[in-house]
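> Return a 3D structure for these sequence lines:
(one chain, ligands or ions: 2)
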Amino acid sequence: LVERMRPFGTTIFAEMSALAVRTGAVNLGQGFPDTDGPPEMLAAAAQALAGGANQYPPLAGIPALRHAIVEHEQRFWGLARDPDTEVVVTAGATEAVAAAILALCEPGDEVVCFEPYYDSYAASITLAGAVRRPVTLRPGPDGRYAFDEAELRAAFGPRTRLVLLNTPHNPTGKVFTPAELALIADLCQRHDTYAVTDEVYEHLVFDAPHTPLAGLPGMRERTLRISSAGKTFSCTGWKVGWATGPARLVSAVLRVKQFLTFVNAAPLQPAVAVALRLPDAYFTGFTATLRANQDRLVAGLTAAGFGVLPAEGTYFVTADIRPLGGTDGVEFCRELPGRAGVVAVPTQVFYDHQDAGRHLIRFAFCKRAEVIDDAVDRLRKLA
Ligand code: PMP
Ligand code: GLN
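Numbering: from 1, shown residues only. Ligands and ions are numbered 1, 2, ... in the order given. Sure, this is the predicted structure:
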């Protein structure tokens, strides 16, 4: 293994899901739903499989899906795109993020990101030979995660190539505020950088609305917006994602993407197109279900004695283990199946400055109500 990849062990998600299987614990670690997505989407996939959509699709994705992606972005976020030149379908958001970084960063270029960060970001930045400049999100007295403005300003410099922004944010559940987005947009323009936004949780916001950075003045031309079907349509195993942006950035992503995977699962593409065109009621119903799940889990975690930091978005909630006598999240999560029969994920592994997250762990609430109730029941043993 090349030296630069040696610090990356097995992902924490695989480790914790294996631990859940081994111990029979309730798995609130890795974020994947335990119910299937919309039946119209599943039927369309079955039909495509049986109907012969089984050979290489076009490089940028099938036209029906590219059109559906554009219509969805227009319907929900008011962004106008050309489906022929401004959209590329990818193997999940993961490939889109990797291809974007590989396409835009020269070795030694710097990527400003927010820690804790989704784990593939660090690996993709490293694969590109680029350098990450993480800005720390810390919970404030109001329980909301925020960053220090001076720290963000200081992270930008002459080598900054792009900002990698994830909102709604995994693992903290933070939704970046309009003022925070305006500051990020201003810094991108001042330093003439690109922005790559990971918006896979775009439909999972519980209070304030979701705002794509690409919609802010001056940002459309410099932003690649990434999303995925996995979260919105409860099909994380399908790995159908996409990137949208100005043609010159999308064509740069395509140049790299064609040699990573070439194209992606043909029969799933018409099915995701069907899902993206579902009426608004599907999307609001999905959000409402997840919001109710979060309320259920937050009440249970609070009763079990955790210091809960409720999420503004995503399907994750973070909790402080110190009220329960915990000091190290990795240790706590390794012992949790034995102590209470539940699996969670330590968030400290998503920081460069691990001390900032040592006492925090993450629970997923994209699970059926009875599963959350079972987990909460088990966690009562800790109090
Ligand atoms: N970005 C974030 C913030 C995520 O939480 C995830 C996990 N699902 C991904 C990207 C990966 O998405 P996909 O499975 O579509 O590659
Ligand atoms: N995005 C999911 C999470 O944060 C898991 C993705 C993965 O296992 N790589 O839990």
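> Contacts only, for the closest residue to ligand 2 within the stretch 51-200 of the chain.
Proximity of the stretch 51-200 of the chain to ligand 2 (C-beta to the nearest ligand atom) peaks at residue 170, 5.1 Å away. No exception for glycine: its C-beta is placed from N, CA and C like everyone else's. Going by C-beta atoms under 8 Å, 6 or more residues apart in numbering, residue 170 touches 31, 118, 200-201, 314, 316.
> pLDDT wise, what is the residue lying closest to residue 116 once chain neighbours are set aside at?
Distances taken as C-beta to C-beta, 6 or more residues apart in numbering put residue 350 closest to residue 116, at 3.3 Å, once the chain neighbours are dropped. pLDDT for residue 350: 96.
> and the residue of the stretch 51-200 of the chain found nearest ligand 1, what does it touch?
Nearest residue of the stretch 51-200 of the chain to ligand 1: residue 92, at 2.4 Å (C-beta to the nearest ligand atom). Contact analysis of residue 92 by C-beta under 8 Å, 6+ apart lists 228, 230, 239-241.
> and these as CSV, adding secondary structure?
Formatted as CSV, the contacts of residue 92 follow (DSSP: H, G, I helix; E, B strand; the rest coil):
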residue, secondary structure
228, strand
230, helix
239, coil
240, coil
241, strand
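> Is residue 249 in a helix, a strand, or coil?
Residue 249 - assigned by three-state DSSP - is helix.
> how many neighbours does it have?
24 (other C-beta atoms under 10 Å).
> ok, now residue 2?
7.
> And the lengthiest helix in the chain, what does it pack against?
Secondary structure of the chain per DSSP state H: the longest helix is helix 280-304. Contacts defined by 3 or more C-beta pairs under 8 Å, 6 or more residues apart in numbering; DSSP states H and E place helix 280-304 against strand 307-309, strand 316-320, helix 369-379.
> how much space between the residue lying closest to residue 326 once chain neighbours are set aside and residue 315?
Counting by C-beta to C-beta, 6+ apart, residue 326 lies nearest to residue 332, which is 4.3 Å off, once chain neighbours are set aside. The gap separating residue 332 from residue 315 is 21 Å, by C-beta to C-beta, to the nearest Å.
> what does residue 159 give?
Per C-beta to C-beta, residue 159 is found 35 Å from residue 315.
> what about the two, which has more around it?
More neighbours surround residue 315 than the other of residue 159 and residue 315, with 23 against 16 (other C-beta under 10 Å).
> Confidence-wise, which helix or strand of the protein is lowest on average?
Lowest by mean pLDDT, DSSP states H and E among the helices and strands of the chain is helix 12-23, with a mean of 93.
> how about the residue of the stretch 51-200 of the chain closest to ligand 2, phi and psi?
Here is the backbone geometry of residue 170 (degrees, to the nearest 10): phi -100, psi 130.
> C-terminal to the helix or strand that contains the residue nearest to residue 326, what's the next element?
Per DSSP states H and E: residue 332 is located in helix 329-340. Downstream of helix 329-340, the first helix or strand assigned by DSSP H and E is strand 342-343.
> partners of that next one in the sheet?
The strands that strand 342-343 pairs with in its sheet are strand 26-27 (parallel) (by DSSP bridges).
> Assign residue 225 to helix, strand or coil.
strand.
> Okay, it and residue 179: tell me how far apart.
The spacing between residue 225 and residue 179, counted by C-beta to C-beta, is 20 Å.
> Same question for residue 252.
Distance, residue 252 to residue 179, using C-beta to C-beta: 30 Å.
> for ligand 2, what are the nearby residues on the stretch 151-300 of the chain?
Selection of the stretch 151-300 of the chain residues close to ligand 2 by C-beta under 6 Å from any ligand atom yields residue 170.
> that older thread, the residue nearest to residue 116 against residue 166, yeah?
No. Taking contacts as C-beta atoms under 8 Å, residue 350 lies outside contact range of residue 166: 10.8 Å.
> Tell me where the stretch 1-150 of the chain has strands.
26-27, 87-90, 110-115, 131-136, 138-139, 145-146 (DSSP state E, counting those that start in this stretch).
> Name the residues that touch the least confident helix or strand of the chain?
With contact meaning C-beta under 8 Å, 6+ apart, helix 12-23 is reached by 25-27, 29-31, 119, 333-334, 337-338, 341, 343-346, 349.
> From these, list the buried ones, please.
By neighbour count, with 16 or more other C-beta atoms under 10 Å, the contacts of helix 12-23 hold 25-27, 29-31, 119, 333, 337, 341, 343-346, 349 as buried.
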